[in-house]
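Colleague: Sharing a model that was predicted from the sequence below.
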Amino acid sequence: GRHYIVPIILDGENAWEHYPNNGADFLLLLYERIARCRNLRTVTFSEYLDLERHRQYLDSVVAGSWIYGNLATWIGHPAKNRAWEELGAARRFLKTASLGSSPQQFESAFREIMIAEGSDWFWWYGDDHPTENAAEFDELFRGRLKNVYRLMGGAVPSRLNEPIRTIATTTNYRNPVHTITPELDGEITDYFEWLTAGYVIPCAGETMCRTDRFVEKIFFGFDRENFYLRIDLVQAKMKEFGRGHSVEVHFIAPQECKLVLELKENNVWRCRIIQWPFGDRAPGFAGDRILELAIPLEVLDVTNPVDVMFSLSILEEGKELERFPSVGYCAVYTDPWHLDQQEWIV
């Protein structure tokens, strides 16, 4: 005779958080009792198709979703549409870049695409499902797409550093109040050395803030020769910062340049140049308890008062774990010719 199937389709996550042990005990007992039932046989859909040879073809399938019977939950809102466009662009890039890649390289990048293609990302874009985690979901989604470009050796499109869903955030930030000329030794050698520098504390004051961040505080300043950066990493997290981890510093204006700071054998830091417009003007760098960088103003093309714009990322094997700022770039108004006349300290 004919075989018939009763699908048991359970929501992937929503129900089980209200059960003890996330529903694991309940589900195990449920499946055990079903398996022991004489009138029922548990099968997968592929096993059922092997048992039942009869086929009845459908002339059409209605396009839509289990929510409202349409696709509005997943597409249509400008934020949802942009997310799909960025996903499509990354997928097309991966297809083209795969022609000259290794199997391992492609497999790693393809896994990032598969994660980004999960439908739940698009559930949270738009106005129909508000959540206090929206900024975090947005950052994670764009991070997956950025990983595709990085893993395949491509340049990450700058638009992926801008939020798909715009959300107001606050940051503990101060502009430089005096020019500085710190000694680059990787140590806090003098209390006054960075005292008048600008600084930013990543995600301070934000409602949603990752508690596992690597970056604790970033200082910045300048004199008439260099733009200086000091990066303070969370010391308690440094035991997790090993080979394969790095700090990427990316300046985009007024001149683009990119550096990667790597912790090598014997806990020795090294500065590696990725993009540099002048071969004869090397950056200054020292890394120990803190990381200190000096970028010549000539390299950044700072010849007049201007915003120097940069971002900082923590990478692991080319994948972005953390970025500051989470969207866009940090802009520092750089005017070493007049700052000391505008601000003064005793």
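Modeller: Perfect, thanks for sending it.

Colleague: low-confidence ranges in the stretch 101-250 of the chain?
Modeller: Within the stretch 101-250 of the chain, the segments meeting pLDDT under 70 span 167-171, 203-211.

Colleague: Let me see the ranges of the helices in it.
Modeller: Assigned by DSSP state H, counting those that start in this stretch, the helices in the stretch 101-250 of the chain fall at 103-116, 120-124, 134-151.

Colleague: now the ones you listed as a markdown table including mean neighbour count?
Modeller: (Each C-beta comes from the backbone N, C-alpha and C, glycine too.) Output for these, formatted as a markdown table (neighbours: other CB atoms under 10 Å):
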| stretch | mean neighbour count |
| --- | --- |
| helix 103-116 | 16 |
| helix 120-124 | 18 |
| helix 134-151 | 21 |
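
Colleague: Tell me which of the ones you listed sits nearest to residue 24.
Modeller: helix 120-124 (21.1 Å; CB to CB).

Colleague: tell me what the closest one is packed against?
Modeller: In terms of contacts (3 or more CB pairs under 8 Å, 6 or more residues apart in numbering; DSSP states H and E), helix 120-124 is packed against helix 78-97, helix 134-151.

Colleague: Contacts made by it with the rest, please.
Modeller: 73-75, 80, 83-84, 129, 131, 133-134, 137-138, 141, 165 (CB atoms under 8 Å, 6 or more residues apart in numbering).

Colleague: Serialize those residues to JSON lines and add fields for distance to residue 231.
Modeller: Output for the contacts of helix 120-124, formatted as JSON lines (distance: CB to CB, whole Å):
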{"residue": "73", "distance to residue 231": "41"}
{"residue": "74", "distance to residue 231": "40"}
{"residue": "75", "distance to residue 231": "40"}
{"residue": "80", "distance to residue 231": "36"}
{"residue": "83", "distance to residue 231": "31"}
{"residue": "84", "distance to residue 231": "35"}
{"residue": "129", "distance to residue 231": "36"}
{"residue": "131", "distance to residue 231": "31"}
{"residue": "133", "distance to residue 231": "27"}
{"residue": "134", "distance to residue 231": "28"}
{"residue": "137", "distance to residue 231": "27"}
{"residue": "138", "distance to residue 231": "25"}
{"residue": "141", "distance to residue 231": "26"}
{"residue": "165", "distance to residue 231": "28"}
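
Colleague: related to what we said a few turns ago, looking at the helices and strands packed on helix 120-124, which is closest to residue 182?
Modeller: Closest among those, using CB to CB: helix 134-151, at 31.0 Å.

Colleague: tilt between that closest one and helix 78-97?
Modeller: Interaxial angle of helix 134-151 relative to helix 78-97 (axes from the mean of the first three to the mean of the last three CA atoms, to 10 degrees): 10 degrees.

Colleague: which residues are contacting helix 134-151?
Modeller: Applying CB under 8 Å, 6+ apart, the contact partners of helix 134-151 are 83, 86-87, 90, 93-94, 105, 108-109, 112-113, 115-116, 121, 124-125, 131, 155-157, 160-161, 163-165, 167, 169, 206, 208, 210, 315, 318-320, 323, 326-327.
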